[in-house]
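K.L.:
model this:
(one chain, ligands or ions: 1)
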Amino acid sequence: MPYYRAVGAVPPKRHTQHRAPDGTLYFEELMGEEGFSSDSSLLYHVHIPSAIVEYRAWEMPDQSLLPNYPMTPRHLSTHKLFPESAGRGAADATGVDAVTGRRLLLGNADVRIAYVVADAASPYYRNAIGDECLYIEEGSAEVETVFGDLVVGQGDYVIIPRATTYRIVPSGSGGPVRIYAIEGNSHIGPAQRYLSKHGQLLEHAPYCERDLRMPSDPRVVEEENVEVYIKHRGPGGVVGTIHTLPHHPFDVVGWDGCLYPYAFNIRDYMPITGKVHQPPPVHQVFEGTGFVICNFVPRKVDYHPDAIPVPYYHSNVDSDEVMFYCGGDYEARKGSGITQGSISLHPGGHTHGPQPGAYERSIGVEFFDELAVMVDTFRPLELGEAARSCDDGVYAYSWARGEGQ
Ligand SMILES: [Fe+2]
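P.N.:
The predicted structure is shown next:
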């Protein structure tokens, strides 16, 4: 996040004395990427940010991954993962939170994708493995961070830099919050080709700085013995540790720099369309190392008189493709059982494209009312426990059924 921002009380010169009105010295923390050689921020704490009074293992939910073998395309129904939340309002709390309640769908050495339906406040948390991109499918929440708070709702992406301390508090008025969590092993940000050499979003980018929402002023909370759940690398892969801090981690009176969490709503994405079918890179929104994030939003479609607006069949030989269907009516997937909250996994090595009938049916259509978030990875994805439990088992045969309809 390369845009400089200063919030709250910071001293005029970095690395110099910064004192409270009573003369007490604040503690400066540099939070920076790539070994002091990339984006960073300076935060001024009331208490020493290193202090820990206890630590213990965090027994995380099942993080196992099994190969997609025998290799096949799959349809996963995420809305079956939290049946106790179906149709529930704020009065029917399940106690599931948006950090410890995440169920792992897919993963590889670069990225993990999880899903949660949460109605309880999460514990304080940091992901020490990589940046997180949280997509809010439904509901609303406050994302409280050490940098300040973000109020988020349906269609928001929330980008949270690695090791940012935060928690998610569902707003409650609209029922639980449904979150599609993309956890990188790297940093996540706008596609590099959208950026100038100094980091400004260029004219051809489908969004610009005005669309990015920044945290509010930081909060200072006086509380003792606060637990922070830390996800990190460890024996066998992803593990967790709980640190108890003597003081609340939110004790920042001010910060400045270019590293902080932000939100971007999918409705602010201005789609790029063409006379004939445009390939998925025009739909890109973010990228991390080893994966890209694209979104398909409501838009006018191809205007050549003989255009076929749904995609051609494609063999994307270097990628596994994960589509999360989160709104509208996805034209190319009709007849496959795909619905709100569905995921299609199209692995490299399988040619995929529109379901039978959709190719012909799309001719002459001028507008697609569809909303989907896509993750393309450059290493094969493996199946987490959530994917294994909500796989319909028959999607692979959907192109062979009713051919020519
Ligand atoms: Fe595709």
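K.L.:
now could you export just the CA positions of the lowest-mean-pLDDT helix or strand in the chain as CSV?
P.N.:
Lowest mean confidence among the helices and strands of the chain (mean pLDDT, DSSP states H and E): helix 358-361, at a mean of 90. Below are the C-alpha coordinates for helix 358-361, written out as CSV (Å, rounded to 0.1, in the frame of the first residue of the first chain):
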residue,chain,number,x,y,z
ALA,A,358,-25.0,-21.6,-22.2
TYR,A,359,-22.7,-21.1,-25.3
GLU,A,360,-25.6,-20.8,-27.7
ARG,A,361,-27.9,-19.1,-25.2
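K.L.:
Now do that helix: everything it contacts.
P.N.:
With contact meaning Cβ atoms under 8 Å, 6 or more residues apart in numbering, helix 358-361 is reached by 308, 310, 331, 332, 333, 334, 335, 353. In short, each C-beta sits where N, CA and C put it, glycine included.
K.L.:
If we only consider those residues, which is nearest to residue 297?
P.N.:
residue 331 (13.2 Å; Cβ to Cβ).
K.L.:
surely the closest one meets residue 372?
P.N.:
No. When contacts are counted by Cβ atoms under 8 Å, residue 331 is not listed as touching residue 372 (10.7 Å).
K.L.:
roughly how far apart are residue 377 and residue 108?
P.N.:
6 Å (Cβ to Cβ, to the nearest Å).
K.L.:
Common neighbours of those two, please.
P.N.:
Shared contacts of residue 377 and residue 108, counting by Cβ under 8 Å, 6+ apart, come down to 290, 320.
K.L.:
which of the two has more neighbours?
P.N.:
Neighbours were tallied for residue 377 and for residue 108 using other Cβ atoms under 10 Å; the higher tally belongs to residue 377 (24 against 18).
K.L.:
how about the nearest residue to the more buried one, chain neighbours excluded?
P.N.:
Nearest residue to residue 377, sequence neighbours excluded (Cβ to Cβ, 6 or more residues apart in numbering): residue 291, at 4.5 Å.
K.L.:
so what pLDDT did that neighbour get?
P.N.:
pLDDT for residue 291: 98.
K.L.:
Ramachandran angles for it?
P.N.:
phi -160, psi 160 (degrees, to the nearest 10).
K.L.:
Now residue 211, what are its backbone angles?
P.N.:
The phi and psi torsions at residue 211 (degrees, to the nearest 10) take the values phi -80, psi -10.
K.L.:
what does the model give the nearest residue to it once chain neighbours are set aside for pLDDT?
P.N.:
Distance criterion Cβ to Cβ, 6+ apart; nearest residue to residue 211, sequence neighbours excluded, is residue 268 at 4.1 Å. pLDDT for residue 268: 98.
K.L.:
doesn't residue 208 make contact with residue 268?
P.N.:
No. In this structure residue 268 lies outside contact range of residue 208 using Cβ under 8 Å: 9.1 Å.
K.L.:
those helices in this protein, which residues are they?
P.N.:
For the chain, the helices defined by DSSP state H occupy 358-361, 385-389.
K.L.:
Mind jotting down where the strands sit in the stretch 51-200 of the chain?
P.N.:
Per DSSP state E, counting those that start in this stretch, the stretch 51-200 of the chain carries strands over the ranges 54-58, 66-67, 74-77, 103-107, 111-118, 124-127, 132-138, 141-145, 148-152, 156-160, 166-170, 177-184, 189-190.
K.L.:
Reformat the helices of the chain as a markdown table; add distance to residue 262.
P.N.:
Shown next, in a markdown table, are those (distance: least, Cβ to Cβ, whole Å):
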| stretch | distance to residue 262 |
| --- | --- |
| helix 358-361 | 36 |
| helix 385-389 | 27 |
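K.L.:
rewinding a little: is the residue nearest to residue 377 in contact with residue 381, as I believe?
P.N.:
No. Between residue 291 and residue 381 there is no contact under Cβ under 8 Å: 9.5 Å.
K.L.:
hang on, the earlier thing: show me which residues of the least confident helix or strand of the chain are buried.
P.N.:
Within helix 358-361, the residues that qualify as buried by neighbour count (16 or more other Cβ atoms under 10 Å) are 358, 359, 361.
K.L.:
what about it, distance to the chain center?
P.N.:
32 Å (Cα atoms, centre = their mean, to the nearest Å).
K.L.:
that older thread, the residue nearest to residue 377 - how many residues pack around it?
P.N.:
Count around residue 291 with other Cβ under 10 Å applied: 26.
K.L.:
residues in contact with it?
P.N.:
Shown in contact with residue 291 (Cβ under 8 Å, 6+ apart): 110, 111, 184, 375, 376, 377, 378.
K.L.:
Could you do residue 104 as well?
P.N.:
Residue 104 touches 61, 62, 63, 64, 65, 112, 113, 114, 384, 385, 386, 387, counting by Cβ under 8 Å, 6+ apart.
K.L.:
If we use 6 Å, what do you get?
P.N.:
Residue 104 sits next to 63, 114, 384, 386 when contact means Cβ atoms under 6 Å, 6 or more residues apart in numbering.
K.L.:
would you list those residues in CSV and tack on pLDDT and neighbour count?
P.N.:
Formatted as CSV, the contacts of residue 104 follow (pLDDT from 0 to 100; neighbours: other Cβ atoms under 10 Å):
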residue, pLDDT, neighbour count
63, 97, 18
114, 98, 25
384, 98, 24
386, 98, 25
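K.L.:
can you list the weak-confidence ranges in this protein?
P.N.:
Applying pLDDT under 70 to the chain flags residues 1-2, 86-92, 172, 174, 402-405.
K.L.:
So residue 133 is in contact with residue 183, correct?
P.N.:
No. Counting by Cβ atoms under 6 Å, residue 133 sits too far from residue 183 to count as a contact (7.9 Å).
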